[in-house]
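Student: When you get a sec, could you give me coordinates for this:
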Amino acid sequence: MSTTTVETSADVTERPAAAPGKARGREKRGVLASLASHGVLVTASLIALFPIAWLVYLSLGPDKDDYLHPGRIWSKMTFDNYTFVLQDTNFFDWLKSSLIVSLGTTVIGVLIAATTGYAVSRMRFPGYRKFMWVLLVTQMFPVAVLMVPMYQILSDLQLIDTYLGLILVYCSTAVPYCAWLLKGYFDTIPFEIDEAGRVDGLTPFGTFARLILPLAKPGLAVAAFYSFITAFGEVAFATTFLLDDEKYTLAVGLQSFVSEHDAQRNLMAATAVLIAIPVSAFFYLVQKNLVTGLTAGGTKG
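Tutor: Numbering: from 1, shown residues only. Okay, the predicted model is just below:
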């Protein structure tokens, strides 16, 4: 009995002898895999950042044709382009118009999309499936097809050259996509929460506002970011429906540096860098909820 026990314990103690070699092999493969993945990520980051760095570099060139000889910019870098844009153009009027239109589109668009997505997610009214498909079909029409009928509608409503008219036009683009997005997110919220709200005496709208919306913050953040970006960088509708140069958005004001026979690309580059600042700030404010929304959407349901 004792001899068998000793032999068995000896066998057990002898088996892990090969483990250190395997562990070293796995550790080596782990280090190589980690270095490879980090190398790929660093390369991808450099590729993504290169256009931004190149734009900033070109914005420091004093001449409009410096983009043809970028190597010469290094010896004569200057911030005169930024000074000219901020002091000698209507940049701040363009910024004000862009913020009014973008934030208005975000608030109104997300509100309509949230109520629409919640209604389709929770209520089974006749034609609710077809209704969502109709919203999707509206995204298939190109801007050129929509321009004339929208102009006629806004003209009849006396909304040409107004912020409200442009906001409504942008909402027609942002709401269908955001409604689909939020409908999918509301589907991941248990229906028992709605039932609990009704048991506590809340109205359907009270349940939506007090219980569902706080849980849907990540989805709302994604919808808000999409609506903001859609309105902030759009050119075609803004060029058509805004007539007063003081109401131009930044995207339209950027076109003032391009004429029929000339293009001041150094000023365009400086303005583009300045335009990116509000978008970056907005992204910074919602990035936490954006990441949460993406990860939650990938793990729920």
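
Student: so Gln158 is in which element?
Tutor: Using DSSP states H and E, Gln158 sits within no helix or strand.

Student: I'd like the distance between it and Leu164.
Tutor: Separation of Gln158 from Leu164 (Cβ to Cβ, to the nearest Å): 10 Å. Every residue, glycine included, has its C-beta placed from N, CA and C.

Student: and the two? which has more neighbours close in?
Tutor: More crowded of Gln158 and Leu164, by other Cβ atoms under 10 Å: Leu164, with 14 against 9.

Student: quick one: contacts for the more buried one?
Tutor: Going by Cβ atoms under 8 Å, 6 or more residues apart in numbering, Leu164 touches Gly104.

Student: Which parts of the helix or strand where it lies count as buried, going by neighbours?
Tutor: Here Leu164, judged by DSSP H and E, is contained in helix 163-187. Neighbour-count burial for helix 163-187, counted by 16 or more other Cβ atoms under 10 Å, picks out 163, 165-171, 173-183, 185-186.

Student: any idea how far it is from the chain center?
Tutor: Its chain's C-alpha centre and that of helix 163-187 lie 14 Å apart, by Cα atoms, centre = their mean, to the nearest Å.

Student: In the stretch 201-301 of the chain, what residue spans correspond to helices?
Tutor: Counting by DSSP state H, counting those that start in this stretch, the segments of the stretch 201-301 of the chain that form helices are 204-207, 213-215, 217-232, 236-241, 250-253, 265-299.

Student: Ok, the stretch 51-200 of the chain next?
Tutor: For the stretch 51-200 of the chain, helices defined by DSSP H, counting those that start in this stretch occupy the ranges 80-88, 91-122, 128-137, 143-156, 163-187, 192-199.

Student: could I get those helices as TSV with mean pLDDT and distance to Gly233?
Tutor: What follows is the helices of the stretch 51-200 of the chain, written out as TSV (pLDDT from 0 to 100; distance: least, Cβ to Cβ, whole Å):
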stretch	mean pLDDT	distance to Gly233
helix 80-88	91	18
helix 91-122	92	9
helix 128-137	80	22
helix 143-156	89	13
helix 163-187	90	11
helix 192-199	87	36
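
Student: Adding distance to Ser37 as columns, could you present the ones you listed in TSV?
Tutor: Formatted as TSV, the helices of the stretch 51-200 of the chain follow (distance: least, Cβ to Cβ, whole Å):
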stretch	distance to Ser37
helix 80-88	39
helix 91-122	36
helix 128-137	37
helix 143-156	41
helix 163-187	30
helix 192-199	39
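
Student: So for Ile277, which of those sits nearest?
Tutor: With distances scored as Cβ to Cβ, the stretch of the helices of the stretch 51-200 of the chain nearest to Ile277 is helix 91-122 (9.5 Å).

Student: which other helices and strands contact the closest one?
Tutor: Applying 3 or more Cβ pairs under 8 Å, 6 or more residues apart in numbering; DSSP states H and E, one finds that helix 91-122 contacts helix 128-137, helix 163-187, helix 217-232, helix 250-253, helix 265-299.

Student: how about the ones you listed in TSV, adding distance to Arg210?
Tutor: Converted to TSV, these look like this (distance: least, Cβ to Cβ, whole Å):
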stretch	distance to Arg210
helix 128-137	24
helix 163-187	15
helix 217-232	13
helix 250-253	37
helix 265-299	19
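
Student: what's the closest of these to Ser121?
Tutor: Of all the helices and strands packed on helix 91-122, helix 163-187 comes closest under Cβ to Cβ, at 3.9 Å.

Student: Next, the angle helix 143-156 makes with that closest one.
Tutor: Between helix 163-187 and helix 143-156, the angle comes out at 120 degrees (axes from the mean of the first three to the mean of the last three Cα atoms, to 10 degrees).

Student: on that earlier part again, looking at the helices of the stretch 51-200 of the chain, spot the one closest to His38.
Tutor: His38 lies closest to helix 163-187 among those, at 32.8 Å (Cβ to Cβ).

Student: between that closest one and helix 217-232, how big is the angle?
Tutor: Using the same axes, to 10 degrees: helix 163-187 against helix 217-232 is 150 degrees.
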